[in-house]
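Trainee: Structure for this input, please:
(one chain, ligands or ions: 2)
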Amino acid sequence: MELLVIGRPHVGKTLLMINFAAYLGMSDIRVEVQDSDGRQMVRRLTLDRARRELVSLSTPKTAQVHSLTIEVTSGRQRSEILLVDTPGVLEGIAPDSRDRQLTAQTIGRLMRAAMVFHVVDASRVKSQCQEAGESFDRSLWQFGQRRKGYLLVANKVDRPGSHEGLKFLRDECRGITMIPISCATRRGFRELKVWVCRAIP
Ligand SMILES: Nc1nc2c(ncn2[C@@H]2O[C@H](COP(=O)(O)OP(=O)(O)OP(=O)(O)O)[C@@H](O)[C@H]2O)c(=O)[nH]1
Ligand SMILES: [Mg+2]
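Mentor: Residues are numbered from 1 along each chain as shown. Ligands and ions are numbered 1, 2, ... in the order given. Below you'll find the model as predicted:
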């Protein structure tokens, strides 16, 4: 069963994948890397190395689909979930054909995934949505309103401006489940795990 992590570039998707694995008790991870042509390769990384190599200081970073298997335990129930980190989706149609292919691959997976973390940067989402008008984020949370297994993850709540961003999201996304988190401080990870346990089909 697949849990897809999707969102605009630089919102913290990759750090979320790695730090959530750490929160669940994993010390090293087996990352499957799939390029835009569907070719696959496997890498075993410590969490520190994964953070150093996969998380970006400048945008954009992830140019392939990364996935790793996590195990979630709740009471006696143990479930294996494929956590899938995707390249950031840009507004509109990308000029580069490889970027267009990656976006198509990501949207295709969105339709098939049992669960979706739609990640936004709480400290920037308000200005990004206001600048873009009909933005990718808006389309995605409208899609999420009609779908089981969709969660809006408001990341970077440790950053200035996130308070206003959370208020904006609460006004815009009525009826949608949202969890504020920080991949930097790990706030909200317990709530993420509880949500995943309940959302497992
Ligand atoms: N302050 C703060 N920084 C964060 C948080 N989460 C991620 N970052 C930083 O945001 C930057 C982007 O993180 P990534 O995990 O690479 O973001 P991404 O969404 O995977 O980026 P792309 O792969 O380019 O789409 C890095 O410098 C992270 O350290 C957070 O909760 N708080
Ligand atoms: Mg990334």
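Trainee: three-state assignment of the closest residue to R30 other than its chain neighbours?
Mentor: Take R30 and drop its neighbours on the chain: the residue closest to it by CB to CB, 6 or more residues apart in numbering is R44, 5.2 Å away. Where you see a C-beta, it was placed from the backbone N, CA and C, and this is true even at glycine. Put simply, R44 is strand when judged by DSSP: H, G, I helix; E, B strand; the rest coil.
Trainee: For R44, give me its contacts.
Mentor: Counting by CB atoms under 8 Å, 6 or more residues apart in numbering, R44 touches 28-31.
Trainee: Would you reformat the residues you listed as JSON lines and include distance to Q101?
Mentor: JSON lines is the format used below for the contacts of R44 (distance: CB to CB, whole Å):
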{"residue": "D28", "distance to Q101": "31"}
{"residue": "I29", "distance to Q101": "26"}
{"residue": "R30", "distance to Q101": "25"}
{"residue": "V31", "distance to Q101": "21"}
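Trainee: Closest to ligand 2 out of those residues?
Mentor: Relative to ligand 2, the closest of these is V31; by CB to the ion it sits at 11.8 Å.
Trainee: quick one: secondary structure of the closest one?
Mentor: strand.
Trainee: Ok, I107 next?
Mentor: What three-state DSSP gives for I107 is helix.
Trainee: Quick check: it vs ligand 1, distance?
Mentor: Distance from I107 to ligand 1, counting by CB to the nearest ligand atom, to the nearest Å: 15 Å.
Trainee: For that residue, give me the pLDDT.
Mentor: We have a pLDDT of 90 for I107.
Trainee: burial of E191, as a residue count?
Mentor: For E191, the neighbour count with other CB atoms under 10 Å is 14.
Trainee: any idea how far it is from R109?
Mentor: 24 Å (CB to CB, to the nearest Å).
Trainee: Hmm, L68 is touching L24, no?
Mentor: No: counting by CB atoms under 8 Å, L68 does not reach L24; the two are 10.6 Å apart.
Trainee: Which of the two has more residues huddled nearby?
Mentor: Comparing L68 with L24 by other CB under 10 Å, the one with more neighbours is L68, at 22 against 17.
Trainee: helix/strand/coil for L4?
Mentor: What three-state DSSP gives for L4 is strand.
Trainee: these two touch, right, it and M111?
Mentor: No: L4 lies out of contact with M111 (CB under 8 Å); the separation is 9.8 Å.
Trainee: Dihedrals phi and psi, the nearest residue to G175 once chain neighbours are set aside?
Mentor: Once flanking residues are discounted, G175 sits nearest to Q145: 6.2 Å by CB to CB, 6+ apart. The phi/psi pair for Q145 (degrees, to the nearest 10) reads phi -60, psi -30.
Trainee: per-residue confidence for Q145?
Mentor: With respect to pLDDT, Q145 scores 88.
Trainee: now do K148
Mentor: Confidence score, pLDDT, at K148: 90.
Trainee: Please apply the same query to E134.
Mentor: 69.
Trainee: Just the helices from the protein, written as ranges.
Mentor: Applying DSSP state H to the chain gives helices spanning 13-23, 47-54, 97-112, 125-132, 136-145, 162-172, 189-199.
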